[in-house]
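# could you look at this predicted model? Sequence included:
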Amino acid sequence: EVQLQASGGGFVQARGYLSLSCVASGFIFDDYVIGWFRQAPGKGREGVACISIRGSANYADSVKGRFTISRDNAKKTVYLQMNSLKLEDTATYYCKATDYRNGMTYWGKGTLVTVSS
């Protein structure tokens, strides 16, 4: 069974930090690009960061310099370190795995991040 389990969300004050994890199972993790997406209340889902199979990272402009994505293939886990959190970072965060060779895509259930003033 394919699973992507995101965790680490919670309540944090503005300028604080949180670390999210996404643990994968049921597919060959090393072959997949992993991305973090988020969806704020009343808004569409947007890409936050992604990491290639070789570890190259890309970020949305809104989080550059504050968020860091990393992966540990041995643990089949991707992390999102979120620093200097802002109110507008409040959202449900999802991880997605994509094999761009064949388009296979998996989504995990989200984890809620709430940033308060």
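Looks like it arrived, so ask away. Just so you know, these numbers come straight off a predicted model, no measurement behind them.
# report the contact partners of the closest residue to Ser116 other than its chain neighbours.
Nearest in space to Ser116, with sequence neighbours left out and distances taken as C-beta to C-beta, 6 or more residues apart in numbering, is Gln13 at 5.7 Å. All C-beta atoms are positioned from the backbone trio N, CA, C, and that covers glycine. Neighbouring residues of Gln13 by C-beta atoms under 8 Å, 6 or more residues apart in numbering: Leu85, Val115, Ser116, Ser117.
# try Gln3
Val23, Ala24, Ser25, Gly26, Gly108.
# partner residues bridging Asp72?
Under DSSP bridges, the beta-bridge partners of Asp72 are Thr77.
# could you count how many residues lie near it?
Number of residues near Asp72 (other C-beta atoms under 10 Å) recorded here: 12.
# wait, what's in contact with Glu88?
Applying C-beta under 8 Å, 6+ apart, the residues near Glu88 are Ala40, Ser62, Val115.
# compute the distance between it and Ala40, please.
8 Å (C-beta to C-beta, to the nearest Å).
# Ala6 now?
16 Å.
# cool, and Ala14?
Between Ala14 and Ala40 the computed distance is 15 Å (C-beta to C-beta).
# give me phi/psi at Leu20?
phi -100, psi 150 (degrees, to the nearest 10).
# what is the neighbour count of it?
24.
# ok, what's across the strand from it?
Leu80.
# please identify which of Ala6 and Ala40 sits among more neighbours.
A direct count of neighbours by other C-beta under 10 Å for Ala6 and Ala40 places Ala6 higher, at 22 against 14.
# tell me the contacts of the nearest residue to the more buried one once chain neighbours are set aside?
Spatially, and ignoring its direct neighbours in sequence, Ala6 is nearest to Thr111 (4.4 Å; C-beta to C-beta, 6+ apart). Thr111 is in contact with Ala6, Ser7, Gly8, Gly9, Leu20, Thr92, Tyr93, counting by C-beta under 8 Å, 6+ apart.
# ok, 6 Å please
By C-beta atoms under 6 Å, 6 or more residues apart in numbering, the contact list for Thr111 reads Ala6, Ser7, Gly9, Tyr93.
# out of these, the closest to Glu46 would be?
The nearest member of the contacts of Thr111 to Glu46, counting by C-beta to C-beta, is Tyr93 at 10.6 Å.
# I am finished for the moment; much appreciated.
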